[in-house]
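**Q** From the sequence below, what's the structure:
(chains A and B)
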Number of protein chains: 2
Amino acid sequence: MNTFPQTRFSQDATKRQADLPPPGAPDIEIARAARMRPILGLAEEKLGLTPDALIPHGHYKAKLTHDAIAGLRERPRGKLVLVTAITPTTAGEGKTTTSVGLNDGLNHLGARSIVCLREPALGPCFGMKGGAAGGGRAQLLPMEDINLHFNGDFHAVTAAHNLLSAMLDNHLHWGNAQDIDVRRITWKRVIDMNDRALRNITIGLGGPAHGVPREDGFDIIAASEVMAILCLAEDLDDLQRRLGAIVIGYRRDKTPVTARDIGADGSMAVLLRDALQPNLVQSIEHAPAFVHGGPFGNIAHGCSSVIATKAALALADIVVTEAGFGADLGAEKFLDIKCRQADLRPDAAVLVCTVRALKAQGGVAKADLGRENVEAVRRGGDNLRQHIRILRAFGLAPIIGLNDFTGDSDTERAAIENICAEEGVRLVLARHWAEGGTGAADLAQAVLDALDAPREPVRLIYPDDAPLGEKIRAVATGLYQASDIALSDMAARKLGEYEALGFGHLPVCIAKTQYSFSADAARGSDVAGHVLPVRDVKLSAGAGYVVALCGEIMTMPGLPRQPAALGIGLDRDGEIVGLS
Amino acid sequence: MNTFPQTRFSQDATKRQADLPPPGAPDIEIARAARMRPILGLAEEKLGLTPDALIPHGHYKAKLTHDAIAGLRERPRGKLVLVTAITPTTAGEGKTTTSVGLNDGLNHLGARSIVCLREPALGPCFGMKGGAAGGGRAQLLPMEDINLHFNGDFHAVTAAHNLLSAMLDNHLHWGNAQDIDVRRITWKRVIDMNDRALRNITIGLGGPAHGVPREDGFDIIAASEVMAILCLAEDLDDLQRRLGAIVIGYRRDKTPVTARDIGADGSMAVLLRDALQPNLVQSIEHAPAFVHGGPFGNIAHGCSSVIATKAALALADIVVTEAGFGADLGAEKFLDIKCRQADLRPDAAVLVCTVRALKAQGGVAKADLGRENVEAVRRGGDNLRQHIRILRAFGLAPIIGLNDFTGDSDTERAAIENICAEEGVRLVLARHWAEGGTGAADLAQAVLDALDAPREPVRLIYPDDAPLGEKIRAVATGLYQASDIALSDMAARKLGEYEALGFGHLPVCIAKTQYSFSADAARGSDVAGHVLPVRDVKLSAGAGYVVALCGEIMTMPGLPRQPAALGIGLDRDGEIVGLS
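**A** This is a model prediction of the structure:
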C-alpha cells in the first residue's frame, strides 16, 4: 500500500515558473526573479509550526528555536532519503540541484517532504566553486544569503574555534599551568576563506609580550572540529559536553589536554547557542528546506546537522538529505559517522549522475563534453557501477537519478539504461533543472515506490569495536577498491596512542581527494589494486571520530589564478552581480 | 522658545521597572527580566517606520533597509548631542550607560529621541572588559545578542578584510603581476578576538605550493580599515569606492597598490552590503537605539556609523551619540574625522564623570574608592577641567553629567560642584543606573535647555590643508597638553611620502593609550610638558585618514591571566551565564 497521497497535484509551481527567466539564465537571475513567500506563513502552512517556534532572520529565513526542537522529540519520525552521486568532475552532476528538485517533486505529488542540506562555505564562493544552493529551477532562496553570510552559523563556528585557540595561547603565555607541550599542540586555527598562505605559519613572535612562539596553521572552516560538533550534537547539553572533550594537544607527560581543561567549553557553547538552531528556507516552488551544518565531504564528514535532520523527520513524512561528493566519501561518512552516532538509518537512496559526468569519467575533456560519445559513457559507467556497489554494501538499493542536460543524446541515455539494467537498479530521468518539481515527478514517484517496497536493513561497514586501522582498511578495501592501506609510521603510532587513550571505539573520517576512489586525483576511476596511503591521523574526540588524512589532501584550499571574486560586485542598484 | 514638548510624561517606565531585579543585580539578570517590545511595532510607533523599512533579526532586532535610508535623505535633520567622558579608569564612568539613560530621559520627557552607539566587539567580552550595552536600568536589549554576534556586522567586516588579504597573497602566489614589494605590504589580517600570539607571525611557509613567505600579523577587528569604512561610508556606492581606495602596500617602484588594483573591492562590498544597514534595538524603557559600527576610540575612530547617525537625525528630533573613551580620544576623533568627513556638527555635549573616577584620577587605588576622599576628588578634578577645555576648543559648552554611584558622599559631590562652578559649566546629577529614564530627567532637561540656548559654532582643531605632522601637533599641543610631538624618523619619512602621493589633505587618527593625555598610561593626568612620541604612521586611504601610532599602543590586545571566558557558559536551561 502506498502511504503517500499522490493525487493532490500542485498547480502553483507551473504558474510561478512562467514568469522566470529561462533555465539557461544565470542562477542568480532566476533566483532573484522568483517570488518568495514569507517564511513564517510558509512554516505554518507546510510544517504546522506556529510563529513562536521560529526566529525570523529577515522575512524569508528563520531559525527553529531550541524550545520548538525539544517539543518535537516524542513525535513519530518520517522516512529518510539519502541523495548521493557518482565521483564528481568539473562537468557537474547536480547533486544539490537534484536534492532540491526531488523535494520539489515530492511536494508536487502532495507528499509532506522537507529537504535538509549542509550550508555552503563562504570562502569557496570567491574561489571557483560557486554557490551551493541548487541551480536552474531547482534552487533554494534567498540564494545570495545562503551562499554568503546566511544566518551567521559559520561565523559563530569560526569565533568559537578561534576562542579556544586564543585561550590556549593565553594559557601558554601566563605560565602554562597545564604543562602543555608546545611541540605537541594539535589544535589549529580556522577561517572561512581559501587562503593557502595561512596553511603553515609561525605565531607568537616579537618577544615576551607577544606570546609563546610556535608553529601553527589555519584550516578552512569546514574542516573545523567545532563545525563537526555543531553538525553532530543532539542538543545544547551535548554540544557543551562535546566541546569540552576536544583534545587540543598533549602535556609533557603525553596525557591529552582538553578544551575543558583550559576552561573554554562554556564560552564556546555560548558562541554557538544560536548557531545550533536549524535554518529554514524555501525552494523556488516554496517547498520547505533546512540548511544547516558544514560542507566538504572530502575533508570533513560534510553532512547537514543531526539536529536539523531529526527536527525534519518529526515535522514531515519524508526528509530528503544530501551527503557531499561521491558515495565513497559523502554517503560513507553519512552512514558510518552521522547515522552511527545519531542512530539514524536512511530508508531509500538516490544516486545522481549525468551523461556529461559519465563521459568525463570515460576520459572526455571538458571542451568535448557537448559531442555525442556513447563509448565514453560506457567506459564512465564503471564509475557508476562502483557507486552502486558502495551503496549496496550498506544494504541500500539506489535509484539512479539521471539529471538531464541540454544536448544529451538518446543513444547516450540508452547506454546508461543498459548499465542500470545490468546492475538491476531503477533509472529515472529527472528534468528539475529545466522544469522544477514537475520535472522531478518521476523521480519523486520512484522514491515513493521505494519507500513502500520491502527492503533489507541498512548495515554499517565496520563495527565500533574494530581497531582504528581496521576501520580505515574496511572502507578502503570494501568501498574504494583498494588492495590494502599503507599507514605511515606516524599514523600507525598515533592510532595506537588513540586506542591506548580509550578512543579506539570511534569511527573514522577519511579525508581524501573527491576525484578518485584512490588518494590520487589523477587516477580518476582507474584504481585497480591501489593501496590507500594514510599519511597522518588526527583525533577529533569532541566530534567523535578519528580523521585519516590520505595522500595529498589539504585542509585549506587556495584561490585559483583567476578567482571568482574578481567578477563579483554590486551594480548601481546595490544588487549583487557575478555570484553563481 | 523651547521646541521640545515636555508635558507628555511617560508612565510606562516606572511601572515596568517595578518587576526588575534591583539595580545592583548583574546586568544580564536585569536585562533578561526586562520585557522587550516587538521591534517592528516599536519602530512604527516611535519612528514612523513601516515594517517594510526594516529587516527583522529575530523579534527584537532589525536592520533599516538601504531603500528606507535612501528615502530619508531629504528630510530635515534633528539635533545631535555628543556624550563623552573624562579619562577612563577601572573605576568606571558609565559613558554608555549615561548615553542610554539620557535617551531614556529624553523620551521620558516626551522628546522624540534616538541614541546611536557603536557595536561592542565580541573578542573583548571574553577578556576583561565586559559588554558595552549600558548597565543597571539603562541598558540596551537584547543585551546578549548585542554583546555577542549581534547581526553579524563584525563578522562581515572580518570576512571582507581577510578576503582582501587572501586575494593579496593569492596575487603574490600566481606571479605578482602588480610587482608588489613583499617587504612593503602594509595590509594585515584581522580577527574579532583578543589574541596576542597573532600580533607577529610569518605566513606562506612550507614550500612553493603554500604561498609566498612573508611577515604578517593580525589586528583586532576594531582596528580594521574596513570597519572604519563601514562607519564612514555614506551609502553603498561610497562603500565600494572607499574599499577600492584602500592601499595595501607598495610596488617595487614605490607606487601604492590598492584593493581595486587586485580586483577585491567588488567582492568586499558584496560581503558588507547587509552590514552597512544600521541595527535598531530598544532600551529597557523601549526607547529606540541604533547600534552600528566599530568601537575602540583609542586605536580606531571608534564612533557609530555615519549612515546610522544620518538616518537617526532624519527620524528623530534629537540624536544622542557617544564617542569612545575620554574627550581627548573619542570626542576629538568624532569631530575631526567623522563630523569633518560627513559634514555633521554636534549641537550639545555631555561630559560624563563619577566621584569614584575622579578619586581614581586623584590617585586613590581601586580598593579604596569606597572611602570618602574629598581631597582626591579635587586633585582628580584637574582631569575633568582638561576635558572641559578640550570640548571648549571645539566651541562646545559641555554639560557635566555626574553619574551617581551608591556610596558617593555629599561633600565629594560638592567638591565637583565647586570645580564646575569655577569652570562655568552646568553640573547635573544623573541616576539612570538605578532609576532609568526618570533618574536622567534632569540631565535630559539640561540638554533640552542647551539645545534651545544660543551657542557658538563648532570648529575643528586643524584645517584640511595643514601638513600631516602639523595636524598631529595641533591635537597634541592643543588638547593633550603636550609641549611638542616627537616623530620617529620612519614616521616623518612616511608622512612625507603620503603628502607626496596626494594624501596630505586627510585628517589624522591618533592611536594612543586611553589612560593618559600622554602616550604613557602610567603618567595618568600628570602630563605637564610631555612630548607625544609618534612611533609610526599608517595610511588609511579608504577610511580617509592617517593613523598616528603613539607610544606603546598595540592594535591587538591580549587576554588577561584570568579571562572572563572562564566564567561564561550555558546553564541547564540553555541560558547564558557569566556575561557582564
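**Q** only C-alpha atoms for contact and neighbour calcs from this point on.
**A** Will do.
**Q** where's the residue of the stretch 251-400 of chain A at minimum distance from chain B, which helix or strand?
**A** Nearest residue of the stretch 251-400 of chain A to chain B: A:G266, at 3.7 Å (C-alpha to the nearest C-alpha). Per DSSP states H and E, A:G266 falls inside helix A:265-272.
**Q** returning to what we had before: give me the phi and psi for the nearest residue to the residue of the stretch 251-400 of chain A closest to chain B once chain neighbours are set aside.
**A** Spatially, and ignoring its direct neighbours in sequence, A:G266 is nearest to B:G569 (3.7 Å; C-alpha to C-alpha, 6 or more residues apart in numbering or on different chains). Torsion angles at B:G569 (phi, psi; degrees, to the nearest 10) stand at phi -170, psi -170.
**Q** Look up the pLDDT of the residue nearest to A:G362 when sequence neighbours are not counted for me, please.
**A** Once flanking residues are discounted, A:G362 sits nearest to A:G380: 3.9 Å by C-alpha to C-alpha, 6+ apart. According to the prediction, A:G380 has pLDDT 95.
**Q** tell me which residues of the helix or strand that A:R242 is a member of are tucked away?
**A** Element membership for A:R242 (DSSP H and E) is helix A:236-245. Neighbour counts over helix A:236-245 (16 or more other C-alpha atoms under 10 Å in any protein chain shown) mark A:236-245 as buried.
**Q** from those residues, which is closest to chain B?
**A** A:L236 (6.6 Å).
**Q** mind listing what whatever residue of the stretch 451-580 of chain A ends up closest to chain B touches?
**A** Chain B sits closest to A:G569 of the stretch 451-580 of chain A, with a gap of 3.7 Å, by C-alpha to the nearest C-alpha. Applying C-alpha atoms under 8 Å, 6 or more residues apart in numbering or on different chains, we find A:G569 in contact with A:576-578, B:265-270.
**Q** between those, which is nearest A:G206?
**A** Taking C-alpha to C-alpha as the measure, A:G206 sits nearest to B:M268 out of these, at 30.7 Å.
**Q** what's around A:A500, how many residues?
**A** A:A500 has 10 neighbours, counted by other C-alpha atoms under 10 Å in any protein chain shown.
**Q** how close does it get to A:R493?
**A** Distance from A:A500 to A:R493, counting by C-alpha to C-alpha, to the nearest Å: 11 Å.
**Q** Same question for A:L396.
**A** Taking C-alpha to C-alpha, one finds A:L396 at 35 Å from A:R493.
**Q** moving C-terminal of the least confident helix or strand in chain A by mean pLDDT, what's the next helix or strand?
**A** Sorted by mean pLDDT, DSSP states H and E, the helices and strands of chain A end with helix A:12-17, the least confident at a mean of 49. The helix or strand immediately downstream of helix A:12-17 is helix A:27-33, counting by DSSP H and E.
**Q** wait, does that following helix make contact with chain B?
**A** No. Helix A:27-33 lies out of reach of chain B by C-alpha under 8 Å from any C-alpha of the partner chain, never closer than 13.8 Å.
**Q** Render the CA-only coordinates of that helix in CSV, please.
**A** This file holds the C-alpha atoms of helix A:27-33, laid out as CSV (Å, rounded to 0.1, in the frame of the first residue of the first chain):
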residue,chain,number,x,y,z
ASP,A,27,21.2,31.0,-11.3
ILE,A,28,21.3,34.4,-9.5
GLU,A,29,18.9,35.9,-12.1
ILE,A,30,16.4,33.1,-11.8
ALA,A,31,16.7,33.2,-8.0
ARG,A,32,16.1,36.9,-7.9
ALA,A,33,13.1,36.8,-10.3
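**Q** how about the helix or strand immediately after the helix holding A:G266 in the chain as CSV, C-alpha atoms only?
**A** The C-terminal neighbour of helix A:265-272 among helices and strands, as given by DSSP H and E, is strand A:279-283. Presented in CSV, the C-alpha positions along strand A:279-283 are these (Å, rounded to 0.1, in the frame of the first residue of the first chain):
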residue,chain,number,x,y,z
ASN,A,279,17.8,27.4,9.3
LEU,A,280,14.5,27.1,7.5
VAL,A,281,14.3,28.4,3.9
GLN,A,282,12.2,27.6,0.8
SER,A,283,12.8,26.5,-2.8
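**Q** Centre of the chain to the next helix or strand after strand A:279-283, how far?
**A** Remark: after strand A:279-283, the chain's next helix or strand is strand A:288-291, criterion DSSP H and E. Mean-position distance between strand A:288-291 and its chain equals 14 Å (C-alpha atoms, centre = their mean, to the nearest Å).
**Q** residues making contact with the next helix or strand after strand A:288-291?
**A** Next in sequence after strand A:288-291, counting helices and strands by DSSP H and E, comes helix A:306-315. Under the contact criterion C-alpha under 8 Å, 6+ apart, helix A:306-315 has outside partners A:47-48, A:69, A:72-73, A:75-80, A:114, A:116, A:231-235, A:276-278, A:290-292, A:319, A:321, A:338, A:342.
**Q** Give me the subset of those residues that lies in helices.
**A** A:47, A:69, A:72, A:231-232, A:342 (DSSP state H).
**Q** Let's have the residues you listed in CSV, adding pLDDT.
**A** CSV is the format used below for the ones in helices among the contacts of helix A:306-315 (pLDDT from 0 to 100):
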residue, pLDDT
A:L47, 97
A:I69, 98
A:L72, 97
A:C231, 98
A:L232, 98
A:A342, 98
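**Q** Looking at those residues, which is nearest chain B?
**A** Closest to chain B, out of all of the ones in helices among the contacts of helix A:306-315 and judged by C-alpha to the nearest C-alpha, is A:I69, at 13.0 Å.
**Q** Pull up the gap between the closest one and A:D52, please.
**A** On the measure of C-alpha to C-alpha, A:I69 and A:D52 end up 12 Å apart.
**Q** Show me which of the two is the more surrounded one.
**A** A:I69 (19 against 13).
**Q** Spatially nearest residue to that one (excluding sequence neighbours)?
**A** A:A311 (6.2 Å).
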